[in-house]
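In: Pasting the sequence and the predicted model now:
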Amino acid sequence: MEKKQSVKSQKNEKTQKDKLKKAIEQGNMDGARIYAQNAIREKNQSLNYLRLASRVDAVASRVETAIRMKSVTGSMASIVKSMEKSMRDMDLEKITHVMDQFERQFEDLDVQSVYVENAMNQTTTLSTPAEQVDLLISQVADEHGLALGMQMGSVPSEKVQHAETDELTERLNRLKQKN
């Protein structure tokens with residue numbers, strides 16, 4: 001929903017810029033000023049909708065993580081009960097088996113947490129190469145005679161993020177096959 005509103009605001013911004021251009025061509029500076037303000041407002045509104053969409057995606061990921069954590073917690077509770085029984089019987093073989101299960105649950109939890117964290121990071125990271133982003137910013141600034149007041153940093157490359165995601169996905173799949 002928010003993404004659709006962002007696109008709508010972007011279209012409205014373009015419309016306002018077109019009107020601004022016509023007002024300048026006609027020498028209507030008061031009208032041009034109004035259209036410029038409208039265009040800026042639409043752009044800001046578009047960005048705000050995108051920020052909101054990103055936050056909603058992040059919250060959805062956190063809710064999904066909480067649901068997964070609940071299932072892991074249930075598994076841990078049953079393992080702890082098994083541990084208590086084994087401790088009463090003092091069967092070292094059973095205790096070792098239960099402890100191995102407990103450690104596997106923690107490993108699974110770590111892999112799932114890292115996977116979800118990376119997925120959340122990717123929802124808020126630009127998928128456009130940093131060089132293209134920097135170039136576009138420079139072009140727009142040059143077109144309008146603006147000086148860049150900030151240093152443009154680089155975003156980690158998509159290949160590195162993709163490789164990390166592939167590795168985590170592979171580990172998660174192996175864990176699923178074990179269980």
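Out: Great, that's in hand.
In: what's Leu47 in contact with, if anything?
Out: Ser6 (Cβ atoms under 8 Å, 6 or more residues apart in numbering). To be clear about C-beta, it is placed using only N, CA and C from the backbone, and glycine gets the same treatment.
In: who's in contact with the helix or strand Asn12 falls within?
Out: Asn12 is part of helix 2-25 when elements are defined by DSSP states H and E. With contact meaning Cβ under 8 Å, 6+ apart, helix 2-25 is reached by 29, 31-32, 35-36, 38-39, 42-43, 45-47, 49-50, 52-53, 56.
In: buried set for it?
Out: Buried positions in helix 2-25, judged by neighbour count with 16 or more other Cβ atoms under 10 Å: Glu2, Gln5, Ser6, Ser9, Gln10, Asn12, Glu13, Gln16, Lys17, Lys19, Leu20, Ala23.
In: coming back round to it: quick one, which of the contacts of helix 2-25 are buried?
Out: Using 16+ other Cβ under 10 Å, the buried members of the contacts of helix 2-25 are Ala32, Tyr35, Ala36, Asn38, Ala39, Glu42, Lys43, Gln45, Ser46, Tyr49, Leu50, Ala53.
In: roughly how far apart are the last one and Lys14?
Out: Here Ala53 is placed at a distance of 20 Å from Lys14 (Cβ to Cβ, to the nearest Å).
In: Over to the fourth one?
Out: In this structure, Asn38 lies at 11 Å from Lys14, with Cβ to Cβ as the measure.
In: Where does Gly27 sit: helix, strand or coil?
Out: Assigned state for Gly27: coil (three-state reduction, DSSP: H, G, I helix; E, B strand; the rest coil).
In: Please state the mean pLDDT value computed over the strand or helix carrying Asn118.
Out: Per DSSP H and E: Asn118 is located in helix 92-124. Average pLDDT, helix 92-124: 75.
In: Cool, thanks, talk later.
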